[in-house]
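>>> predicted structure and sequence below. I'll ask about it afterward.
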Amino acid sequence: MKRAIFLLPLALFLGVAAFLYRGLFLDPAELPSALIGKPFPAFSLPAVQEPERTLTVEDLKGKPALVNVWATWCVSCKVEHPVLNELAGRGVNIVGVNYKDDNASALKWLKEFHDPYRLNIRDEQGSLGLDLGVYGAPETFLVDRHGIIRHKFVGVIDERVWREQLAARYQELLDE
């Protein structure tokens, strides 16, 4: 009986230690999303540059897109922005979601740093971001031509991330 009492805490300790040890090798940029394989959430929000224009999920359909959640208050977004401009120059279809931001600030940002977005959704209240499960900016979703979310990337897209993680996935969506 005394031996069993001793082994139980040891077994619990080893189980917790194994669980924590496994966590050391997980990629923090790979946050799971329950939306992978599901349709992009329905929304009806104004465009950043055309406030009178209402954008919906139907505007995303027709060709694959990188849907990039960004904001002017996001320091990492400023780091990522030149790469997005370059990708847009190469023909990558990028849709922006301006997340919890002031529209005047967003317009100023796009004028100053250039606009890589084919469409730019104004999500001042963060409702679309909430539906997408956004933790913060930048976050990027790969969406196929039918509006299905295929992949989620959390963090800055730089040339290495594009080359090693996203370019092949985007090309697969183009080839479908």
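Yep, that arrived. Numbers count the residues shown, from 1 in each chain.

>>> going forward, measure contacts between C-alpha atoms and count neighbours the same way
Fine.

>>> can you count the residues close to Ala167?
Using other Cα atoms under 10 Å, Ala167 has 16 other residues around it.

>>> with Gly62 instead?
Using other Cα under 10 Å, Gly62 is surrounded by 11 other residues.

>>> next one: Val75
12.

>>> got it, and the one 4 residues further on?
Val79 has 13 neighbours, counted by other Cα under 10 Å.

>>> mind checking what secondary structure it has?
Three-state call for Val79 (DSSP: H, G, I helix; E, B strand; the rest coil): helix.

>>> the residue nearest to it when sequence neighbours are not counted and Arg145, how far apart?
Spatially, and ignoring its direct neighbours in sequence, Val79 is nearest to Val156 (7.3 Å; Cα to Cα, 6 or more residues apart in numbering). Shown here: Val156 relative to Arg145, a distance of 24 Å by Cα to Cα, to the nearest Å.

>>> next one: Pro138
Taken as Cα to Cα, the span from Pro138 to Arg145 is 22 Å.

>>> which of these two has more neighbours?
Taking other Cα under 10 Å, Pro138 and Arg145 do not tie; Pro138 has more neighbours (24 against 15).

>>> tell me who's in contact with the more buried one.
Asn68, Val69, Trp70, Ala71, Cys74, Ser76, Cys77, Val154, Gly155, Val156 (Cα atoms under 8 Å, 6 or more residues apart in numbering).
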